[in-house]
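>>> Sharing a model prediction with you, sequence too.
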Amino acid sequence: MHAQADWVAPFRRAVQVERDLRKALAIARAAADAGDVAALTIVAIWTRKGIGTARDPFVARDLLERAAAAGDRRALDALAEMLVAGDGGAQDLDRASALFRASAEKGYARAYLDLARLHRRSDFAERDDRKAYEFAEEAARMGYAPAFGYLGALIANGTGTQKNPQLAMTWLRRGASAGDRTSKANLGYLLVRGDGVSSSPREGERLLKDAASEGSAVAMAYLARLYRSGQALARDYERAYFYATLALANGAPARPQLAALRDELETRLPVERVAALQKQARDWRPRKVSAPARQGADADTADARDRDPANPLRVAGAGTGFFVSRDGHALTNAHVVSGCERVVARDRGDARVVFADAASDLAILKVARPAPDWARFRSGPARLAEPVYLFGYPLANILAASGNFTSGLVSSVIGYRNNPSMFQLTAPVQRGNSGGAVFDSAGGVLGVVVGQLRAETAQNANFAIHARVARRVLEANGVEPEEASGAARLEPEEIAEIARRVSVQVLCLKPRG
């Protein structure tokens with residue numbers, strides 16, 4: 001670990017601060033020459049992709065052979081990818097399968113997804129849709145965001161498992177929330193078509209365009225076909241031709257059919273429009289995104305061997321937050337983000353601390369990717385004995401990573417030692433719940449969880465900050481909280497769905513050591 005620390009910091013600085021990829025590669029090379037396997041893997045992958053140097057797949061493959069022989073799980077997976085593609089040497093699907101399995105057995109989620117894709121190939125001797133589904137499900141359950149879109153598509157089509165559009169939607173929405181463009185593409189197509197789910201062409205079209213703008217060839221191909229058919233979206237031959245041309249240039253699947261579609265559309269358009277659309281496609285560039293969408297074992301854990309070999313941070317603590325604006329503002333406890341070098345909102349990327357106050361124990365975050373929904377605040381105060389509902393991420397390493405929903409009653413309208421800014425509740429609160437919203441029976445926010453007093457102080461003494469205090473903090477920092485519209489009582493499962501949509505796990509990252 002000490003040897004890695006010697007090169008990781010300057011490598012990371014060269015990449016993130018100086019933006020000098022050649023310098024970063026030189027640092028990694030020196031570390032690789034000194035025997036650091038993680039550095040060797042980086043050099044190999046960058047050499048294959050032509051990052052900071054000329055692309056050389058043959059050298060890259062040799063380097064990956066060395067790193068894989070040393071047991072590096074990322075190198076095992078990357079070498080297998082080259083064997084599948086026949087990049088830098090002959091194609092060897094059988095050996096690729098063995099390498100993917102070796103990487104997966106070391107806990108590398110991406111390798112499970114690669115195994116799923118391999119088992120769907122028609123030229124793979126062991127092609128097996130059921131195994132493809134099982135591998136994709138394992139990658140998704142490990143929290144690897146790119147697996148969500150792939151698994152969702154398998155479930156939506158009934159490939160290797162029973163067809164279940166509603167379950168597919170769950171995985172696809174989770175992936176789309178994490179910023180995964182394949183999830184956005186498949187979710188958008190499902191919403192436009194309405195195959196087994198309520199159709200929403202406008203939302204589906206928006207998701208497809210968003211994914212296409214990020215470079216998803218799958219989304220481009222979907223849009224080409226949808227605009228050509230005119231059944232779910234308004235027919236538009238020009239858009240269909242543009243997206244078909246773009247999809248072919250970006251390696252879309254089913255290329256012969258797509259090429260035939262493009263050629264047929266060309267006969268329907270004036271020559272000058274064809275030329276203009278071809279130029280538009282040539283000039284197109286994907287929209288830059290902040291980082292690949294990752295989760296779980298391959299993301300917010302900040303594992304330097306996996307997520308980012310140049311990132312020496314670790315998860316030092318976790319709490320809950322909830323979104324309070326369309327612009328990506330979220331509210332949590334100040335103690336959740338205190339002393340963090342980096343704050344991450346799971347599935348939403350990095351979070352900037354806009355405001356933090358230890359006295360009120362409230363903090364306002366601004367996330368990289370705003371959520372599609374946000375909480376509304378109740379105008380009235382908490383009432384003694386009224387029902388309350390909590391959603392959060394307690395004991396995240398033990399309980400469900402998808403969050404927990406609990407209920408209780410308001411047991412006192414004032415807090416510990418007669419603190420008027422808080423109220424007491426009977427709903428269970430555990431480590432990791434801090435910063436989550438307290439909801440009333442209509443789904444409005446009644447307060448913000450602040451945690452549980454230590455057992456030697458009081459038993460089962462759980463407290464929350466009154467909504468009026470949280471609203472004042474938001475307004476003072478330029479965030480105008482929305483008010484809950486109605487007082488109609490909802491079923492607990494409806495409140496749980498509202499809570500799930502607006503809540504987020506907040507992770508505090510600090511240096512290792």
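Happy to help now that I have it. Model, not experiment: these values are computed from the prediction.

>>> quick one: strands adjacent to whichever strand in the chain runs longest?
In the chain, assigned by DSSP state E, the strand with the most residues is strand 313-323. Note on strand 313-323: by DSSP bridges, its sheet partners are strand 329-332 (antiparallel), strand 503-511 (antiparallel).

>>> any idea how far it is from the chain center?
With CA atoms, centre = their mean, to the nearest Å as the basis, strand 313-323 stands 15 Å off its chain's centre.

>>> Now do the buried residues in it.
313-315, 317-323 (16 or more other CB atoms under 10 Å). The C-beta positions use only the backbone N, C-alpha and C, and glycine is treated the same way.

>>> One more: stretch 90-110?
So, applying 16+ other CB under 10 Å, buried residues of stretch 90-110: 93, 96-97, 99-104, 106, 108-110.

>>> which regions of the stretch 251-400 of the chain sit below the pLDDT cut-off?
288-313, 395-400 (pLDDT under 70).

>>> so where do the helices sit in it?
255-266, 271-283, 334-337 (DSSP state H, counting those that start in this stretch).

>>> what packs against the longest one?
Counting contacts by 3 or more CB pairs under 8 Å, 6 or more residues apart in numbering; DSSP states H and E, the secondary-structure elements packed against helix 271-283 are helix 237-249.

>>> show me where the chain has strands.
Taking DSSP E as the test, the strands found in the chain are 313-323, 329-332, 342-345, 349-357, 362-367, 387-392, 404-412, 422-425, 437-439, 445-452, 462-466, 503-511.

>>> closest to A178 out of those strands?
strand 349-357 (8.7 Å; CB to CB).

>>> Partner strands of the closest one and their direction?
For strand 349-357, using DSSP bridges, the partner strands are strand 342-345 (antiparallel), strand 362-367 (antiparallel).

>>> Tell me which of those sits nearest to K510.
strand 342-345 (8.2 Å).

>>> Okay, buried residues for the closest one please.
343-345.

>>> Now render those residues as TSV, adding distance to Y241.
Converted to TSV, the buried residues of strand 342-345 look like this (distance: CB to CB, whole Å):
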residue	distance to Y241
V343	45
V344	41
A345	39
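
>>> and which of the residues you listed is nearest to G408?
Using CB to CB, the buried residues of strand 342-345 come closest to G408 at A345, 26.0 Å.

>>> Test my guess that the closest one contacts A330.
Yes. Taking contacts as CB atoms under 8 Å, A345 lies within contact range of A330: 6.5 Å.

>>> what's the overlap in contacts for these two?
321, 351, 365, 367, 504, 506 (CB atoms under 8 Å, 6 or more residues apart in numbering).

>>> ok, of those, which one's closest to E272?
Nearest to E272 among those, with distances taken as CB to CB, is V367, at 44.7 Å.

>>> is that closest one in a bridge, and if so with what?
Beta-bridge partners, per DSSP bridges, of V367: A351.

>>> Quick check: it vs E341, distance?
Separation of V367 from E341 (CB to CB, to the nearest Å): 17 Å.

>>> Next: G392.
Distance from G392 to E341, by CB to CB: 24 Å.

>>> ok, those two, which is more surrounded?
Neighbour totals were compared for G392 and E341, and G392 leads with 28 against 12 (other CB atoms under 10 Å).

>>> Okay, and the beta partners of the more buried one?
Beta-bridge partners, per DSSP bridges, of G392: N404.

>>> Deepest in the core, which of the strands paired with strand 313-323 is it.
Of the strands paired with strand 313-323, the one with the most neighbours on average (mean count of other CB atoms under 10 Å) is strand 329-332, at a mean of 28.

>>> Okay, helices next: where are they in the stretch 1-150 of the chain?
2-16, 21-33, 37-49, 57-69, 73-85, 93-105, 109-118, 129-141, 145-157.

>>> Now distance to T170 and mean pLDDT too, for those, in a markdown table please.
Putting the helices of the stretch 1-150 of the chain into a markdown table (distance: least, CB to CB, whole Å; pLDDT from 0 to 100) gives the following:
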| stretch | distance to T170 | mean pLDDT |
| --- | --- | --- |
| helix 2-16 | 35 | 75 |
| helix 21-33 | 39 | 93 |
| helix 37-49 | 33 | 94 |
| helix 57-69 | 35 | 95 |
| helix 73-85 | 27 | 95 |
| helix 93-105 | 24 | 96 |
| helix 109-118 | 18 | 95 |
| helix 129-141 | 11 | 93 |
| helix 145-157 | 8 | 92 |
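
>>> Reformat those helices as JSON lines; add distance to T426.
Shown next, in JSON lines, are the helices of the stretch 1-150 of the chain (distance: least, CB to CB, whole Å):
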{"stretch": "helix 2-16", "distance to T426": "46"}
{"stretch": "helix 21-33", "distance to T426": "54"}
{"stretch": "helix 37-49", "distance to T426": "49"}
{"stretch": "helix 57-69", "distance to T426": "54"}
{"stretch": "helix 73-85", "distance to T426": "46"}
{"stretch": "helix 93-105", "distance to T426": "44"}
{"stretch": "helix 109-118", "distance to T426": "38"}
{"stretch": "helix 129-141", "distance to T426": "33"}
{"stretch": "helix 145-157", "distance to T426": "36"}
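
>>> Could you list the low-pLDDT ranges of the stretch 401-513 of the chain?
For the stretch 401-513 of the chain, the ranges with pLDDT under 70 are 401-402, 452-460, 486-487, 512-513.

>>> residues near the closest residue to V59 other than its chain neighbours, how many?
Nearest residue to V59, sequence neighbours excluded (CB to CB, 6 or more residues apart in numbering): T47, at 5.5 Å. Under the neighbour criterion other CB under 10 Å, T47 is assigned a count of 25.

>>> same check, this time on A484
A484 has 19 nearby residues by other CB under 10 Å.

>>> Let me see the contact set for it.
Contacts of A484 (CB under 8 Å, 6+ apart): 376-379, 442-445.

>>> now, among the buried residues of stretch 90-110, which is nearest to A14?
Among the buried residues of stretch 90-110, and counting by CB to CB, the member closest to A14 is R110, at 24.8 Å.

>>> Quick check, that closest one in contact with D77.
Yes. Using CB under 8 Å, R110 is in contact with D77, at 5.8 Å.

>>> buried ones in stretch 263-283?
Buried residues in stretch 263-283 (16+ other CB under 10 Å): 265-266, 269, 274, 277, 281.

>>> of these, closest to T53?
Closest to T53, out of all of those and judged by CB to CB, is A281, at 29.4 Å.

>>> Find the residues that touch each one of R110 and D77.
Common neighbours of R110 and D77 (CB under 8 Å, 6+ apart) are S103.

>>> What is the burial count for the nearest residue to R468 once chain neighbours are set aside?
In space, and not counting its chain neighbours, R468 is closest to P381: 6.8 Å by CB to CB, 6+ apart. Residues lying near P381 (other CB under 10 Å) number 13.

>>> Was I right to think P381 contacts V413?
Yes. With contacts counted by CB under 8 Å, P381 reaches V413, the gap being 7.0 Å.

>>> Report the separation between M220 and K279.
17 Å.

>>> ugh, wrong one, I meant L25
35 Å.
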